[in-house]
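**Q** how would this look folded up:
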Amino acid sequence: MRLVALVALGLLASCDLNNRFPAHGHLYFAAGSYVGQFDLSDGSSSPVSYLGDVTIDHLTAFEGGDLLLTMRVFVNQREASQIVRFKPRREESLSLFPGRMAEFLPDPRIVIYDDGLKLLATHRRKSYTDEIVIEDHGYGLAPAVVVISTSEILFDRIIDGGVVIHRYDGNENESYPLHRLSATCDLEGAVWLADSKQLLCRKLGASPPGSEHQLVSLNGAVDRHLNLPADKNLRALVHMPDQQMVVLSERSSSWGGGQPTNLVWIYELDTDESYVISKNQYLGDSVVYTP
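**A** Numbers count the residues shown, from 1 in each chain. Have a look, this model is predicted:
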């Protein structure tokens, strides 16, 4: 039964017809109840751990090489979301607290999370007993969140019917709007490039969505557009600063009502060259890169 699930989720080895694998390192990703690992050097993937009757929605880096998972579980016949610390090497997990999304900021050692109504911060040194409200967004309006430093995030909020990107500092517990960036970038699916201090984001209002990617400073200045196919619905997943590459995913519908395929792309920032390294590998919407 698990073998069938592995095949369906793309967790068994896959290869690209072009045999082009200039990248190296691995990506942790989530697929249903599994944490998997994708090898960038050959396009293969393998399961790391099966976590039982759960659905993993999000994962991010945590302390000591661990992962922070957001997963849905059923408790007393009701669905609940939990933030879980997962140790890949030991295949051990520890439930921390309820939440629907989590990111970790190592400088103040806080976890940014969403409880379905509010965007919050809680300190690890206080055993997650404190609760700082960053944004009270209401039900069904969870913001997109992008980590931009060891102590800061970007998040978007709806103000007077429009979406405004905000910058939040976890050390100062302060946030302020970035109006020029808000007029340029869609924060959903954006990736931060720490070395150049730029946001790789989709152009706001691009048609089709995901067709125009650009590098933008926090002041809203567009540096350049990425040379990606205009007819592809691509989502940036992670920047690999040691290789100056970005990993993107594409979900492509099949003709005749068949199963959609999940393509993995590499974009080389130094050469503006892009290519597919896997033609059928599901990576989800969040990954963690390990060199």
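
**Q** separation between residue 179 and residue 219?
**A** For residue 179, the distance to residue 219 equals 10 Å [Cβ to Cβ, to the nearest Å]. No exception for glycine: its C-beta is placed from N, CA and C like everyone else's.

**Q** for the stretch 51-200 of the chain, just list every one of the helices.
**A** 179-182 (DSSP state H, counting those that start in this stretch).

**Q** return the distance of residue 21 relative to residue 246.
**A** 16 Å.

**Q** the more surrounded of the two?
**A** Higher neighbour count among residue 21 and residue 246: residue 246, with 23 against 18, using other Cβ atoms under 10 Å.

**Q** which residues of the stretch 1-150 of the chain fall in strands?
**A** Remark: strands assigned in the stretch 1-150 of the chain by DSSP state E, counting those that start in this stretch are 26-31, 34-39, 45-50, 55-61, 67-75, 78-87, 92-98, 101-105, 110-114, 118-123, 132-136, 145-147.

**Q** residue 271: which of these is closest?
**A** strand 26-31 (21.2 Å; Cβ to Cβ).

**Q** state the mean pLDDT of that closest one.
**A** Model confidence over strand 26-31 averages 97 on the pLDDT scale.

**Q** dump the residue contacts of residue 24.
**A** Listed by Cβ atoms under 8 Å, 6 or more residues apart in numbering, the contact set of residue 24 reads 40, 41, 243, 291.

**Q** what are the phi and psi angles of it?
**A** phi -140, psi 170 (degrees, to the nearest 10).

**Q** what sits against the residue nearest to residue 152 when sequence neighbours are not counted?
**A** Spatial nearest neighbour of residue 152, chain neighbours left out: residue 169 (5.3 Å); criterion: Cβ to Cβ, 6 or more residues apart in numbering. Contact analysis of residue 169 by Cβ under 8 Å, 6+ apart lists 151, 152, 175.

**Q** with residue 147 instead?
**A** Here residue 147 is in contact with 60, 103, 105, 153, 192 (criterion: Cβ under 8 Å, 6+ apart).

**Q** same check on residue 74?
**A** Here residue 74 is in contact with 53, 80 (Cβ under 8 Å, 6+ apart).

**Q** and for the one 10 residues further on?
**A** Shown here is residue 84, whose contacts under the criterion Cβ under 8 Å, 6+ apart are 68, 69, 70, 71, 93, 94, 95, 96.

**Q** would you convert the residues you listed into CSV that also reports neighbour count and distance to residue 35?
**A** Shown next, in CSV, are these (neighbours: other Cβ atoms under 10 Å; distance: Cβ to Cβ, whole Å):
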residue, neighbour count, distance to residue 35
68, 22, 12
69, 26, 7
70, 23, 12
71, 24, 10
93, 20, 9
94, 10, 14
95, 12, 15
96, 20, 16
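
**Q** report the buried residues of stretch 33-43.
**A** Buried residues in stretch 33-43, counting neighbours by 16 or more other Cβ atoms under 10 Å, are found at 33, 34, 35, 36, 37, 38, 39, 40, 42, 43.

**Q** can you tell me which of those residues is nearest residue 49?
**A** residue 35 (5.0 Å).

**Q** quick check, that closest one in contact with residue 88.
**A** Yes: counting by Cβ atoms under 8 Å, residue 35 touches residue 88, with 6.9 Å between them.

**Q** find residues that contact each of the two.
**A** With Cβ under 8 Å, 6+ apart as the test, residue 35 and residue 88 both reach 28, 48, 49, 67.

**Q** quick one, what contacts the third one?
**A** Pointing back at residue 49 there. So residue 49 contacts 34, 35, 86, 88, 91 (Cβ under 8 Å, 6+ apart).

**Q** could you rerun that using 6 Å?
**A** 35, 91 (Cβ atoms under 6 Å, 6 or more residues apart in numbering).

**Q** any idea of the pLDDT on it?
**A** 96.

**Q** beta partners for it?
**A** Beta-bridge partners for residue 49, by DSSP bridges, are residue 35.

**Q** got the angle between the helix or strand where residue 249 lies and strand 26-31?
**A** Using DSSP states H and E, residue 249 falls within strand 245-252. Taking axes from the mean of the first three to the mean of the last three Cα atoms, to 10 degrees, strand 245-252 and strand 26-31 form an angle of 30 degrees between their directions.
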